[in-house]
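1. mind looking at a prediction? Sequence and model below.
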Amino acid sequence: MLDTFLRGAPRGRELHCRGWEQEGALRCLLNNLDPDVAEDARSLVVYGGRGRAARSAEALVEIAGALERLGPDETLVVQSGKAVAVLPTHPDAPRVLISTAMVVPAWSDEDSFRRLEDTGLTMYGQMTAAGWFYIGTQGILGFTYETFRAVADSHFDGTLVGRRVLTAGLGGMGAAQGFAVTQNGGRVLVVEVDPSRAERRLRDGWVDLVAGYDEALAAHLDPSGPGTIALIGNAADIVPRLLGEGVRFDVVTDQTAAHDPLRGYVPRGFTAAEAAAAEADDPGFRAAVFDSLADHVRGLLGYGEQGAIVFEYGNGIRAQAATHGVGGAFEIPGFVSAYVRPIFARGVGPFRWICLSGDPADLRRSEDVVMEVVGTDSLRAWIDLARERVPLQGLPARICWLGLGQRDRVALALNDLVRSGACGPLALGRDHMDPASVASPTRETEGMRDGSDAIADWPVLSALLNAAQGASWVAIGSGGGVGVGRSIHSGMVVVADGSELAERKLRRVFWTDPALGVARYADAGYPEALAEAARHELDIPP
Ligand code: NAD
């Protein structure tokens, strides 16, 4: 039975459900589990260590069945990857409400969570894995590209030409690093412990060469060598070794899945398969993981002392190392506080859409509309680059960075496009990583101006607001990006099927969702947000 769900989403304009909102939810769920999209579809793992789309194969079948029979005036309630109720609501309500990995805070530590997970009561859902809106590596491409552009602007006169970057991890998100660095002019060496992951990235065009230590390093140090090289090895061995051998880098970071250390970080001496098979409670395995993590972070700190630009790329590795003996781990800055904050402070974040028909022509037509509506050079440059370089994974999708006053106009124009018949239905939404929708004190909200890093009312309010405005589905979760208990985040999607109902929902959601982002940053005292609030005449009490 599972196999029928692992063939990707249905394509075309024919409905399998009782309306396009339900169909959109079903297609996006199955798209998350398309073997071309998911990191390990058979285990229902979409990305980010063990971020799942459904709790079990049986739960997936139940959810799909519930979506197929769901009426236009009903709402499916999903508790940590399992359908728990279909309740009567009304057409303007969300069709699906999802809450994932939410545990009472004092029980929200990794061990307690894993025990609950082992008894089948919950699951870890990363962000858009459980929120059914993952779009493969591209989702993070724009983000990673913007981050390395900000690194170039902040430290290297706006370009990474002639600069060398060391990092690790070629997973669902990590694979974007090569593209982001090379498109900014630099060259990158990526340490990856799992040869099959590296080979997959080579096949998909995200890396240019996969090799062992000597060959990879020689090719990387050759200025005419390939731009993105995967070095097969363990970062806990390789980073200290490169440092010890005096190999210098301009920028050093990491994207192993260290936010989930016992499942996402392979310790020294283990293959990826051995680590996956190890018992998380085994004291020897735990010691190996945390010793390796600590040495890896000591290596990063060593590079910082040498003058390299070192930052944590949102995987929680500093927090893990700090609790396992590396007192100085937080001397390394987080990438959001160092580079992304000024973008968030304007209420701008990663908007994305998925073409539910599966037709690549729908993507081109919808991109044209977005470029027409927004019309900035940077957006055109990004879409041109993405068209040329980003391979499609699963249903055609695009991401771009938009803020208040842009998202609602784009959403309505796309609904008009669908209404005209020139394009099939679209699912419009965003990442959970947006100005108001996440509280993550070591990542998105690290170092907030007013100290509100751990205040999690904002993502809860964001979810409530999007439900009130009738988004097609709304998801809230714990732990995305940094591990359970370390973040709370929410996401939403609205299906644009060209109908009047869709127009109402899009108009409401894509105005108030980014407006709350501006309000969150205005409340924290960011001048950029206060200016945006004034420009849009938002009613924000002082
Ligand atoms: P993933 O699980 O898909 O991939 C992780 C990769 O790291 C795998 O290929 C794995 O084999 C490799 N790996 C694990 N341990 C290793 C080791 N010791 N040495 C070398 N390689 C090792 O995860 P992902 O989706 O790519 O995400 C990676 C991490 O980066 C996550 O923690 C994620 O939250 C974080 N991240 C955050 C942001 C952000 O914007 N905040 C962006 C990208 C990634």
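-> Yep, it's here. Numbering: from 1, shown residues only.

2. what residues are up against the most centrally placed residue in the chain?
-> Nearest to the geometric centre of the chain sits Ile140, at 5.8 Å (Cα atoms, centre = their mean). Applying Cβ atoms under 8 Å, 6 or more residues apart in numbering, we find Ile140 in contact with 172-173, 176. Using the backbone N, CA and C atoms, a C-beta is placed for each residue, glycine as well.

3. if we use 10 Å, what do you get?
-> 47, 134, 147, 171-177, 179-180, 255, 314, 350, 399, 431, 433 (Cβ atoms under 10 Å, 6 or more residues apart in numbering).

4. narrow these to those in strands?
-> 47, 350, 399 (DSSP state E).

5. what pairs with the second one across the strands?
-> Put plainly, it is Pro350. Assessed by DSSP bridges, Pro350 has beta-bridge partners Trp401.

6. how deep is it tucked in, by neighbour count?
-> Applying other Cβ atoms under 10 Å, we find 21 residues neighbouring Pro350.

7. okay, it and Cys28: tell me how far apart.
-> As judged by Cβ to Cβ, to the nearest Å, Pro350 and Cys28 stand 16 Å apart.

8. in which helix or strand would I find Asp539?
-> Using DSSP states H and E, Asp539 maps to neither a helix nor a strand.

9. from the ligand, how far off is the spatially closest residue to Leu33 that is not a sequence neighbour?
-> Nearest residue to Leu33 in three dimensions, chain neighbours excluded: Ala41, at 5.0 Å (Cβ to Cβ, 6 or more residues apart in numbering). The span separating Ala41 from the ligand equals 13 Å under the rule Cβ to the nearest ligand atom, to the nearest Å.

10. for Glu532, same thing?
-> Glu532 is 22 Å from the ligand, by Cβ to the nearest ligand atom.

11. from the stretch 301-450 of the chain, which residue is nearest to the ligand?
-> Gly314 (2.6 Å; Cβ to the nearest ligand atom).

12. and the stretch 151-300 of the chain, by the same measure?
-> Gly171 (1.7 Å).

13. tell me who's in contact with that residue.
-> 39, 47-49, 137, 140, 192, 194, 197, 201, 255-257, 264, 315.

14. what packs against the helix or strand encompassing Ala218?
-> Assigned by DSSP H and E, Ala218 falls within helix 213-221. Judged by 3 or more Cβ pairs under 10 Å, 6 or more residues apart in numbering; DSSP states H and E, helix 213-221 is in contact with strand 164-168, strand 187-192, strand 209-211, strand 228-232, helix 235-244.

15. would the helix or strand following the last one count as contacting the ligand?
-> When you say that, I think you mean helix 235-244. Using DSSP H and E, the helix or strand that follows helix 235-244 towards the C-terminus is strand 251-252. No - residues of strand 251-252 contacting the ligand under Cβ under 6 Å from any ligand atom: none, with a closest distance of 13.8 Å.

16. just how off-centre is strand 251-252 within its chain?
-> Offset of strand 251-252 from its chain centre (Cα atoms, centre = their mean, to the nearest Å): 21 Å.

17. how about the next helix or strand after it: buried residues?
-> Sequence order places helix 261-264 as the next helix or strand after strand 251-252, per DSSP H and E. Neighbour-count burial for helix 261-264 flags 261-264 (criterion: 16 or more other Cβ atoms under 10 Å).

18. gap between the closest residue to Arg248 other than its chain neighbours and Phe335?
-> Nearest non-adjacent residue to Arg248, counting by Cβ to Cβ, 6+ apart: Gln306, 6.6 Å away. Noted for Gln306: a distance of 20 Å to Phe335, by Cβ to Cβ.

19. hang on, the earlier thing: please flag which of the contacts of Ile140 sit within helices.
-> 147, 176-177, 179-180 (DSSP state H).

20. report pLDDT for His536.
-> pLDDT for His536: 97.

21. that one: neighbouring residues, count only.
-> For His536, the tally of surrounding residues (other Cβ under 10 Å) stands at 16.

22. which residues does it contact?
-> Counting by Cβ under 10 Å, 6+ apart, His536 touches 347, 403-405, 511, 514-515, 518.

23. what parts of the stretch 301-450 of the chain come near the ligand?
-> Going by Cβ under 6 Å from any ligand atom, the residues of the stretch 301-450 of the chain near the ligand are 313-315, 433, 443.

24. most neighbours, which of those residues?
-> Neighbour max across these (other Cβ under 10 Å) = Asn315, 32 neighbours.

25. isn't that one right up against Thr256?
-> Yes - using Cβ atoms under 10 Å, Asn315 is in contact with Thr256, at 6.5 Å.

26. perfect, that will be all.
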